[in-house]
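Participant: Based on what follows, work out the 3D shape:
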Amino acid sequence: MGHADDETRLGEAIFTAVARNSSGVNGESAVEGGLRVAVASPTAEDRGGATNPEELLALSWATCLNAAARVVAGPGVDVEVRAEVSLHPRLDGEGFEFSARAELRFAGKTAAESAELAAAAHARCPVSRMLGGQSPVEVVAV
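Facilitator: Okay, here's the model as predicted:
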């Protein structure tokens, strides 16, 4: 379940994406009424051009973080984001876990200015907040 105070800190949803998958990591994932993508395990020898959860998460984070960075940097500042999502076996043997790292480049900014802007973008980005465990996430059986 989400946090008890979610309703007091979140406004009405302005957009909701719904994605479906019934084949696991090998098959197809689709957004209702839109994008359909072939998916394959990232460890498969021949992925045949298919994507995977790691790539999709990295794309989502890079896009969202860049949008947030452009807001905090202000107009006219070129921003480039490189996001990595890595898959690791858990040391306790209980499956796998992701780690993530993003690099932000702010054209014309000093290292100190860039570090401050990157931190502000990370704090503003909804994907960053979700990855950091700061957003409500709910999984229910239906």
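Participant: Provide a list of residues in contact with His122.
Facilitator: Neighbouring residues of His122 by C-beta atoms under 8 Å, 6 or more residues apart in numbering: 65, 68, 102, 128. Bear in mind the C-beta positions are built from the backbone N, C-alpha and C, glycine included.
Participant: show me where the protein has strands.
Facilitator: In the chain, the strands defined using DSSP state E lie at 19-21, 27-31, 36-39, 79-89, 96-106.
Participant: So which other helices or strands are in contact with the first one?
Facilitator: Judged by 3 or more C-beta pairs under 8 Å, 6 or more residues apart in numbering; DSSP states H and E, strand 19-21 is in contact with strand 27-31.
Participant: buried ones in stretch 62-71?
Facilitator: Neighbour-count burial for stretch 62-71 flags 62, 64-70 (criterion: 16 or more other C-beta atoms under 10 Å).
Participant: How about stretch 85-97?
Facilitator: Buried residues in stretch 85-97, counted by 16+ other C-beta under 10 Å: Val85.
Participant: Sketch out the low-pLDDT regions of this structure for me.
Facilitator: 1-8 (pLDDT under 70).
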